[in-house]
Every structure is written in C-alpha cells, then in structure tokens.
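Peer 1: Mind looking at a prediction? Sequence and model below.
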Amino acid sequence: MPSTVKVQAAKPVVKRKRSENGEPIKKRRKSEAGEEKEDLASQIQNLESQINESRKHYNNIATLIEYAEKQNEDPKTAIAAAEALCRVFVRLLASGSLVKKKDASEKDATVAKWLRDRLTDHHKALVAMFKSTKLATQALVLAMALLKAEAQYLEGKDEAVFPWPLFNAIISALLTSPVEEVRDEFCDKFIDEYDDIRFYTFEGIKDFLTERESVDEELQNTVFNFLLKMEDIPESSEDLEDFYIEQPVKKKHPLRSLSQHKKRAQEAWLALMHLGLSKEQRKKVLDVMASSIAPWFIKPELLMDFLTDCYNTGGSISLLALSGVFYLIQERNLDYPSFYQKLYSLLDTDILHSKYRSRFFRLLDTFLGSSHLPAVLVASFIKRLARLALNAPPSAIVVIVPWFYNLFKKHPLTTFMMHRIPRTKEEKELIEKEGVLDPFLPDEEDPMETHAIDSSLWEIVQLQSHYHPNVATIAKIISEQFTKQAYNLEDFLDHSYGSLIDAEMSKEVKKAPVIEFMIPKHIFTKADPGTEQTDSPLVSLWDFGSS
Amino acid sequence: MLLPPLWTLLFDSRDTSTNMAGSQLKRLKASLKDQGIIGPQRSKKQKRQNAQDAKASTDKRLQRHEALASIREQFNPFQFKTNARGPKFEVTTNKPQNDKLAKGIQGRPGLAKATAEQRRRETLLVEMQRRNKVGGIVDRRFGEDDPNMTLEDKMMERFAHEQMKSHKKNTVFDLEGSDDEQEQVALTHAGKTLFDDDDIEAGRDDFDEDVSDMESDDERSARKKFLKRLRAEEEAAEGEGEDGQPERKKTKKEVMEEVIAKSKAFKYERQAAKEEDDDLRVELDKELPELQSLLFQMRPKETKDSKGPAVMAGIDMDQLEKEYNMRLKQAAREARAEVTDRTKTDEEKAEEGVKRLKEMEEKRLRRMRGEIVSDDEEEEEQKKSRKKGDDQEVQDEADEDEFGLGKGIKLRMTATEMGLDDEDDFLLEDDLIASGSELDMDEDDMSDMDGSDDEDAYDPDEDELVNGGEDGESKEVATKLHAQSKGGDEDGIPYTFTCPESHEQLLEILGSLPVTKLPVAVQRIRALYHPKLDAKNKERLGNFAQALIEHIAYLGDNFEPTWFPTIENLIRHVHSLAKTFPIEISKAYRSRLEEIKENRPLALNVGDLMLLTAIGTTYPTSDHFHQVVTPAMLSITRYLGQKIPQTLADYSIGAYLSILALQYQSFSKRYVPEFVNFCLNTLCSLAAEKPKEKLGLFPVHEPAAGIRVKGASKVTVRKLNCGDCQQPKSARSTSDDSALKVAIISTITSVLRTASETWCKLPAFYETFQPAQRVLQHLTTKSNAAQLPAALVKQLKDTTTSISRLLQLAQVSRRPLELHHHKPLAIKTYVPKFEDSFDPNKHYDPDRERAELAKLRAEHKKERKGALRELRKDAAFMQRENLKVKKAKDEAYEKKYKRLVAEIQGSEGQAANEYAREKAARLKKNKR
C-alpha cells in the first residue's frame, strides 16, 4: 500500500501549488461545467495523496469533507471524496495520529484533536448519505470499514474498543433512512455474518428507542421489520465465533456469552413493545411470536402478560396468540388456567371462515392430540365444530371430517356420537313419540358441561349430501368402517374455493359430459297456465320481463 | 425218560442254525453238495449219458454258474452293505423276515469298489501312462482293426471306397446324369424343385448317395442302424402274413431294392392324390362365378364364364389373382344386409318411449348417487362383478382422493366419468332420443320439440327449434328450407347465412337482425349446416355452438327485459346442439367458468348469471359429479360464501344465485351451506335493526351504510329483475331503493321457504333452519316490522310459521344416529399351517429364497464331499499304480543285479577254481 501511495504522490508534486491557491477557482469551475468532473476526481486523488505525503496537507481533509457533504448536488464526487476520506482516516488511525497520548507535545495534541473533530465531521457526512438512494449502500460499507478501524485504533489500546458514537449514528441513520435496501444490506452483510454486530445492533436499537421521546408508527414498523430480519438465533455460546471486530480475548466478555446476546435482543424487543402496538402490529408480532421472537427471550415469561392479554382479546388476535401461548406452555411450563375452555370459546362463527383456519387447525390438532383428554371434552369440540361445519365453506369441512375421524379413533368413547342405540324400551318409545331433542348445549362455555357426548352428529350426516362431490365423499368416511389408522391432516388443510375450482378445471374434458335428456320448455318464461307444469323457483321468484 | 431242562432245549433250538454247519469250510462243502455241484463220483456210463444230452448240459452249466454265484455271495460277508440292526419297526410283509436280504441291501461295496477300480484303470491309468508322451497316430483305415479280414480283402475294400468317393464327387451337380434314379439330386430354388412336381422325392432318393458318402466306422454303424429300422418296419408292415416261413436274412442288395421300390410306390401315391386335388380345384374354380353371384347377389357375368376355363388352364394367373383379391376386398367391404325393424304400432312406440324415459331417470338417479353408470347392461354386470373384487381398490382410491383434494379430484373424475363410459354409446343414445323425440315430448306434453317431419315445425305457436338430434330427417328439413327460401320471409330474415364460427363473426352476421328474431336465424343456420349435408359442417356447427354460448352471455350483459324469451330459446338451441357436440359445448362453458374464476369470482355480471342458468338446464345438476355442473356450482357458492355484499346489486346477484343454487339441487336435494349463510346474512343486513344477540352460527357481515331498510312501509312488494343486478347508472331514488330492498327481502324469504321444503328431510334440518327461524322472527319484531310493508310482514310471518312447523316435524322425526351397523371386522387370524405329509428331512422354510439357497448349499456340500472322496481315491489309485510300477522296476533291477552278481560270482568261482586247480597242479608239480 505505501508503495502505491508513493507512486501516486510522485506525479502531483507540481500540481500541489496550484491546488493551494487554486481551490476557489476550482469551486467556480465546478459550478460552471459538469465536464470538469473527471478533473475533480483526479483532484480528489491528488488531495488524498498529498495528505498521505505529509502532515502539512492535513487541511485537505477539510476540503474533502466539504466535498463529501455535498452529496445532494454532486453525489459522485461526494462518494469519491468519502471513499478517499475513509482511506485517509483508516491510514491515519492505523498510524496512531488520532490517539491522545499523554506525553505528546502540545502541537501534536492539537493536531490529534483537530483530526478527531474532522473524523466526527466525516461521520456526519457519511451518515447523511444514508438518506440517499444511490449512495446509501456504499456509504454503509464505508462507515462499517471506518467502524472497524476506529474500534481497533482510535483509543490506542491493545484491545479493541467499540466506537459507540459512530455505531449509534449508523443505527439511527439506518432506521430513519427511507431506503429499505440499506437495511437489507446491513442485515445480509453484517448482522447475519457477524455475531458481534448483531449484539451491538440490538443494544443500539434499544438505545435508539429509549432515547427517543416519540416514535411514530412508521418508524415502529421499520424497527419491527428490522428486528424480524435477525432470524438465526445462535444455539450455544460456541456458535458465537464470527466477529467483525476482533474476537475479545477474555472468555467472560459479554460478546462471547449467549445469554448476553439474548439479553440484548430481549431488551430491544421489549423496548419496541413498550412503545405500544397497534392492532395490525400486534397481529404481526403474534404471527411471528413463536418462531422468531420468543426464542430470543431469556425470560419468555416477560411475554406472558402480553400473550395472555392478546389471547383474551378474542377474534383473530386470540387465534394468533394461541401459538405464542402454546410456546410458553410447552417451553416454559406456563400454567394457563382453563386453557381448553378458552380454546373452546375460540370455536366461534368466524373460525372456519378465517384465513388463519389452517394454522388454527394445526394447533388444535396438537392440543387435542393427547389420548388422555376426557372424552367429554373431546366430544364437545367435535360437536361444536360439526355445528360450525353446517355453515362452513367446503374447504373447511374437508379438514374437519378427517380430523373427527382421527379423534374418534383416539377416543373410542366419543364414537357414541355416531352410533347410539336406545337401550331401554321406554327410551325407544319416547324417541318414537317425540323424536330427539339434541342434548347438546351450544351456549355452554365449559366444554366439560355441554352434554355433547350424549348427542349425535347429524350435521356431518347432512354434509354427506353436500353439493360438492368430494366433500360429500369425505363426509362419508364417518359412516364407513374405521379401517384406516388415521388421516394425515396436512393433506386436507390449505384448500379454498379457488383451489377447488382449479382442481376441477385442470382436468381436460375428454369424455362427453352427460346432457340433460329433456330440453326444458321454459327457463325464463312462465309455463302455460293450462298445463300442469310448475314453474321452476327461478321463474316464480324472478322477474324476467315478460309474464 | 428224563426230559432235558427247558433252557437247554431253548438254547439248542436257538443255536441249531449256527451250530449245524460247524466251520466255514464244512458249511461251504455242505452248500455245494446241496446245490449238486459236487456229489458222489459218477460212473463212466453216467458221464457219457450226460455228455450226450447236449441241451441238458448247457442248462446244467448255466444252473451251475448261478448256484456258484449265489454261494459265493452267501459266503462273503462283505459283499453287501445291509442295515445291521434289521428293520426299525415290526411290519407285516410277505418278504422273508430272517433273511439277510430282507434287511435290505443298501449297497454292494465290493462290487462298487471293483467297478470303480475298473473305471480308473480304463481312464486314469491310461491317462497316467500317456502322461508326458506326445503324438501318436490313430489308424482309421478301413478294416484296420478287423482281424477277420485278410490283407487282400482289406485292400479291395479300400480301393472300392476310393473309387466310389471320386465317382460321387462328379455326379453331384451333373445335370446330364440326373436321369439316373439312384444318383438324382434335383436342383432347387427356395426349397422347391425347379421342375414339375411329380418327382419331388429327393428326400428318399438322397438315401443312396448318403450311403456312398459314408466312410468312417461310426457312420457305417449309423447306416446299419437305419437299415435295421427300415427292415423292422417292413417286417411289421408286410411280414405278418409270411410268419410261418423261416426267417431269412436279407442281403444288403435286396434290402436296398426293397426300400427303393417302396419309396417309389409312396411317391406315386402322393402324386395321384395331388392330381385328384387339382382336378377338384379346377372344378371348384369353374363353379366360382356362380358361387360369387350367390354370395354377392349379382348377375353372373358371361365374360367370367368364358374366362373361367382359360384361367383354369393357368394362362392368366396374374389376372386371376388380381380378380380374386378384388373380389375378396369387395366382399370384406360389402355392408351386411340389415334386418329391418318391423314397423311399430303407436302403442308400442309409446311404451318404448316410456321405457326409455324410465331408463334415463334410473340412470340419472344412479349418477346422483355417484355410482358408475354404463349404457350396456352386460358391461354393467361385468363391472358389478369386477367392482366387488375391486372394492378395496375403490376404497383405496377414495382414500387417495382425500389426500390432497386437488389431485384427488382427478381420480374421482375418472371414476365418475365412467358413468358415460363410451362416447359413442352416448351419441347413439342421443340419436335414439332424438329420432323418437316426439314420443318424449308427447309424453310430457312438450310438443315444442316436435320432430321436423311434422308440418307444425313451423307452427307459429311453437318455438321454432330444429332438433339437433334429428339427424335422420334433417335432410328433408334442409331441402324444405331451401325450397322455402325462394318464397322469402315476411320479417325480412334471409334464408341463407354463412355459418358464424366465432362470436365476432356471429355479431357481424347476425348483428343486424333484431334480437328477438335470432332464434329463427339460428334455426336456419342449423338446418343449412346440418352435419349430414357436408363433412365440414360438423366442425362449423360445433364452433357455431360455442359462439352461441358467447352470444348468450353477451346478450345477458346487454340485456333488455324483452330479450329473455329469446335467450331462453337460444339456450334451448344450445342444449339441443349439446347433444351433438357435448365436448365442444362443455368446453365453452368451462372456459367461461374459468374466466369467471380468474377475473371476477366475486363480481358476476348478468351474462354470467344467464350462463349459469343455462348450465343448470342443459346438464343434469343432480349428478354426483359433473364436469361442468360441479365447477359451476362451486362458482356460485364461491360468490355466495365469500362475497361481502356492499351494494344492493350485490345482494340482488346473490339472491339470483341463491335461487339458482336451490334450483340446481332441487332434484338431488343436496345441502348448500353457503346458501343458508348468504340468505340469513342478507336478511340480517337488510333488517332495520341489528339483532341484539347472535342468531346463529352463520357469519354476519356488517352492512354498508344505507343498506338497512328504512321507512318502506308504503312500498309495494315486487319481484327482483336482472336490472337490479347491475349498478344503477344514476342514483336511485329512496323509494326505488327501499322497493328494491323489500324485493330482496321478499325474494330471500320465499327462497328460504322453498329451501326449507327442499331440505326438510336432511338430518340436521333443525340445526340448519333454526337460525333462519330466528332471523325471520327478528325481522317481524315490532321495530323491524314497522319499517316493512304489511304484505311483506305477512309473508315473513307465513314463512316463519311454515319453517317452525317443519322444524317441529324434523325434531319429532329425528332419531339418534346409528351409522355403524357394519359387520364387525374380523380380527386377522394366523392359523398354524399343518403339513399333511411331514418329512423331517425336508426343510419347510416359508422363505422361498432361503429354502432354495439352503438346498443349493446342501447339494454343493454333498457334491464337494463326493468330489473330495473321488479325488482321494484317485490319488490312492495313482499311488498304488505308481508303487506297482516302481515295484516292477525294482524287481527287474534286482533280478538284473542278481543275475550280474551271479554271473560275476560264477566267473570268479571259475577263476578261483582254475587258480586252485593251477595251484594244485603246481604243488603237485613241485612235489614231484
């Protein structure tokens, strides 16, 4: 590197003078014509090499910073200048020119101080570039390079010291920047790669959020999305081995402990949640709770209140909170009183029409998977869902029935719902006389008290004559012999009207379809009053103009 | 007398057998005496007598041999390998018990050893001796090994052979000499003789030449065998009669001659038979024209007659063949004479019509149950029997089906498609219906579909439909039309059109016509381009049908209230075209449905409604599965289920679709959840007040502003029309608005009532319609009823009571479910398998492969042991032989050595004697 610098430096010796007094001219020129840009680029190169040559030319730094700050007017020059500055500063930092030494002369100290001030200026210029679509990514790379150098050399100590001011500036610039790509870039290149950067980022975000007085929703969303991107959670302290800045020597260093990492993440998330979430955000948070958020928490209990609150809200939020609650129950032994009652209450009108239906069924299958559950409770769930199925779209019925089948297999007591022979003579007579009143109590909230087990599944039998042939066929499985061990639910989830029609349409018509053998006399018009023929519902209920 | 003690008796009795003979030698002597081999010395006279009786002596000698052999066997205990312990179990048998033989001879070790030794000597020893020796000549010259021939004979024989060989070589392809019977070799081509076929007896005649060819001993023996066989045959054939004569050995020459004569006789016979056949053929050929005329019922042609004999003479073979082939092809192409049906009486026709209708209905029911329907009864029976076997398979298929509905649907489709198993079948059936269509129509008083042979096809009262199916008569129709076209039309509709094959063309061609006259034009197009008139017409009409469907949708989209009869008529045209073009039309419908699915699943327009209606009438909606109806139904329910209505038009479309859904299911009475949801939601949304509590499990969507009915008490109740399904161009007045709202409520209420009647037999009817009852009750509460016209309130109340009554009925008639009266499934049993004839030595390995492997292994082991044993024995034999050789050699050496020593000693002794003699002589001399 030094050799190249010298080669570069050899040429512009002559030009040096001109550059000293030629600066104002240049400025003018630049404003005059764009074609001078190349000249400008070479000039920047000049300035840089001069700085490298001797301390006398340190003033060039100020000039360069000036260039760098003009990112709006001349982005190309600005980034070139910023690059040059970065090189300069990295070199200077490496040579220790910015280190405050105790025994340094007064002059040196002044120079160091001056340089530090310029460094700060440079930070500002770089961070400002984050707002520009064109320069942001380049600026980020430069800033991160500088960050590394600063960490290593700025304090003049053996061990690296993390330069918080710069990093905080970067984080806040990132989060406030309108450019989405920078954040993606940052995540891809730094957070995903380096454990320490992630560690500091969490802390940075927490600080960022706590220091700000008001955080508007947009910013919240940005932070939320940003946090979501930090997906891969390390599993053990041994996994923490990728460091951007050198690896800390001490074993006990927070950077090398997993719990410290998690603590930072937890704090960041909590900081975000403390801001208060809108309904949409809540849904988003709940959506990823079990997969991306809760695993970061050392104390997931902290989420307990949030989750239970959400779970109790009702509606789709409850549905979404369910997986989070389940996570806590599973991982943290959370004791959720009357969990099944709550679950039962979730089975309301909308559940089968909701877009989270398959997600819910997956969970429901897990919750009711145990064969040790009381049959009465299982029966309540079955009966309730059967009732709902009467008003459900075909795609939902298609899931419910095989699931019933599995439950029947698992809880043989519930099969009385399909097959119940009246035992006593009196009972028979009563049924003959009065028919059967469904003993099921639909409004009962406690699934143990609904008497569902004494009821029968007329609903599913009715669905055996569903208009959709496949649904009807599936509904028939409960009246056939239970020879199959179990149905795989995954095959039945994730259907919709669209997919059903698609399935019908994807098949080519090869065989001629059956045609109605009689051509009806009247479709829209009324039958002649003289004939015995009755009008179709359409004709009698709809006005087709002519009578 | 003193009796000996009992035990001595016993002992004696036991020992008699062994003690009797004493020593081995004594026993041998005794047995020899027994057999009469040795006996007391005979006198010379006796001896002479014996010698004279020559025959007796040979017999005796044989006997003697046998006796000796048996004695030898008897006295060698190592001759047989027997079961030392005797039989394992006491058995009754007629074989002697105590005999050694009875124990069963398991082997003859002595004999086996001897044969093995013998064989080794023959093979191994020869090999051993030949070892390390190279070369050698095998003399195969004639009679070389025959000691009976003198040298002269041998030379003669050899010379003769030599001569014969050279002679033979020359004559093989000698054409000149081929007249000679014995030497004849016929020239052939492709396995057939070149010359005429009376003497194709080369096979037999080659025989002699073969004889001459033979030279080696082996061949000679083969020849001998052949001759022997021939002779034997001969004897069997003719020698029976001359049995009495003493057999004389025939000489070789005689045999040969006989053979030749015989073969000639055979040849002659065969030729005679062939000639006879030829004669017969010629005769038949002569008769052919007459036969043909009989076959084809053609006038016999004189020319043929004259030609016949000529052909027979074999002059014009090619011509004949050609002729024949042509005739054959003609015969193959000739349509079989058809038996015409007896003209049926009217009653019979009517009966048939009724029967057909009944059949159709039955088929429809079967399709509705999702069963496989086929048109052929036999086939069906076959299928039934097959189906039983395949039940499991079907079950599996169903299971598969349930896995991933998307794919499963395909399986299901094929299964159901089997319902219309054969396209041709369907078409045929179609024809049947159409040709007898007036019957169908008469039956149901649907004379609008009257056959075109009726003159009232143009009856102004009737819809002027040309039946697509009436293929038979349509030609006449067409001609009639053409005839009429000269007359012109009062409405100014031209009589001829170019057939529109796309919707654009259709618009171009028929666009100028008033819409109401369209059916006439369509009818004319259908008649003009009837498939029977031109081969291309089928395709044209198919395209026309598709364009017509487009046009129906088009008309629907731009409808005028007066157009509906026309649309109806067009739909019926499409329906009748669908019978001829089922696939094209279903494809057109399906593409329309696809378009709806892709572009506007929740925003149907009137054209779509018309098409959905058309589908509902064209196809049997009661089928369990139908390629067009099922997706159409899904499209309807998709709208009903997923649309959250925002405007009154949305509600109106929904109302139309609800009616349509109900109409689709009016026959099969299948349940449509979305229908209930939509109706109840609509009623709740339009009600003046929001219900305070939940009325049921149907999803409720909060209506948009201005949807709830307000102050409509003065409005008259009207029906909905298609205009309501479109967004109003200008804002409706409030009164119009409330009229529409009231109309929607009224329609939905009526449709609910119809639905309740349709579905009242469903098992969960109570649960399904209780919410409906509650919703209706909610609508008739005071606050709500005040906003509605009295007529509507009355209708609502009527409906409520009707539904309540049905609910009550449903509840009373409901029984607990008893779905599982299945035969209990048998537990799988594993009965131990008993072997009837168990053999402990056999391996009953259920694993076939393993058993086979074990068997192979055992065999291998056995073979290996055997081979090892043989090798060992071989080695021993070789050693023995080597030793023998060595011993012989040693002995020879020893002998030689001894001889030499003796020689030397002899000469030495001689010398010594000489010396001694000399010495003595010298001493004597000295002494002297």
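Peer 2: Received it, and whenever you're ready, just let me know what you need.
Peer 1: C-alpha only now, for contacts and for neighbours.
Peer 2: Fine.
Peer 1: and the residue in chain B that chain A sits nearest to, helix, strand or coil?
Peer 2: Residue nearest to chain A within chain B: B:V812 (3.7 Å; C-alpha to the nearest C-alpha). When classified by DSSP: H, G, I helix; E, B strand; the rest coil, B:V812 comes out as helix.
Peer 1: wait, isn't it in contact with A:K433?
Peer 2: Yes: B:V812 lies in contact with A:K433 (C-alpha atoms under 8 Å); the separation is 7.2 Å.
Peer 1: which of the two has more neighbours?
Peer 2: Counted by other C-alpha atoms under 10 Å in any protein chain shown, B:V812 and A:K433 do not tie: B:V812 has more neighbours, with 16 against 11.
Peer 1: How about the contacts made by the more buried one?
Peer 2: A:E432, A:K433, A:E434, A:G435, A:V436 (C-alpha atoms under 8 Å, 6 or more residues apart in numbering or on different chains).
Peer 1: would you list the residues you listed in a markdown table and tack on distance to chain B, pLDDT and secondary structure?
Peer 2: Listed next are the contacts of B:V812 as a markdown table, based on distance: C-alpha to the nearest C-alpha, whole Å; pLDDT from 0 to 100; DSSP: H, G, I helix; E, B strand; the rest coil:
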| residue | distance to chain B | pLDDT | secondary structure |
| --- | --- | --- | --- |
| A:E432 | 8 | 83 | helix |
| A:K433 | 7 | 82 | helix |
| A:E434 | 5 | 81 | helix |
| A:G435 | 4 | 82 | coil |
| A:V436 | 6 | 82 | coil |
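Peer 1: List buried residues within those residues.
Peer 2: By neighbour count, with 16 or more other C-alpha atoms under 10 Å in any protein chain shown, those hold A:G435, A:V436 as buried.
Peer 1: Helices along the stretch 51-200 of chain A, start to end?
Peer 2: A:59-69, A:75-95, A:106-129, A:136-153, A:164-176, A:180-186, A:195-211 (DSSP state H, counting those that start in this stretch).
Peer 1: Could you list the buried residues of stretch B:554-566?
Peer 2: Buried residues in stretch B:554-566, counted by 16+ other C-alpha under 10 Å: B:Y554, B:L555, B:G556, B:D557, B:F559, B:W563, B:F564, B:P565, B:T566.
Peer 1: typo on my end, stretch B:731-747
Peer 2: So for stretch B:731-747, counting by 16+ other C-alpha under 10 Å, buried means B:D737, B:S738, B:A739, B:L740, B:K741, B:V742, B:A743, B:I744, B:I745, B:S746, B:T747.
Peer 1: filter the residues you listed down to the ones close to chain A.
Peer 2: Counting by C-alpha under 8 Å from any C-alpha of the partner chain, B:T747 from these sit close to chain A.
Peer 1: So of the buried residues of stretch B:731-747, which two are at opposite extremes in space?
Peer 2: B:D737 and B:T747 (15.2 Å; C-alpha to C-alpha).
Peer 1: And the residue lying closest to A:H123 once chain neighbours are set aside, how far from A:K124?
Peer 2: Leaving aside its sequence neighbours, A:H123 sits nearest to A:L166 (C-alpha to C-alpha, 6 or more residues apart in numbering or on different chains; 6.7 Å). Distance of A:L166 to A:K124, computed by C-alpha to C-alpha, to the nearest Å: 9 Å.
Peer 1: Run a quick neighbour tally on A:M505.
Peer 2: 20.
Peer 1: ok, now how distant is it from A:L541?
Peer 2: 31 Å.
Peer 1: ok, now B:G711?
Peer 2: Separation of B:G711 from A:L541 (C-alpha to C-alpha) stands at 24 Å.
Peer 1: Compare neighbour counts for these two and give me the winner.
Peer 2: Of the pair B:G711 and A:L541, A:L541 is the one with more neighbours under other C-alpha under 10 Å, namely 21 against 17.
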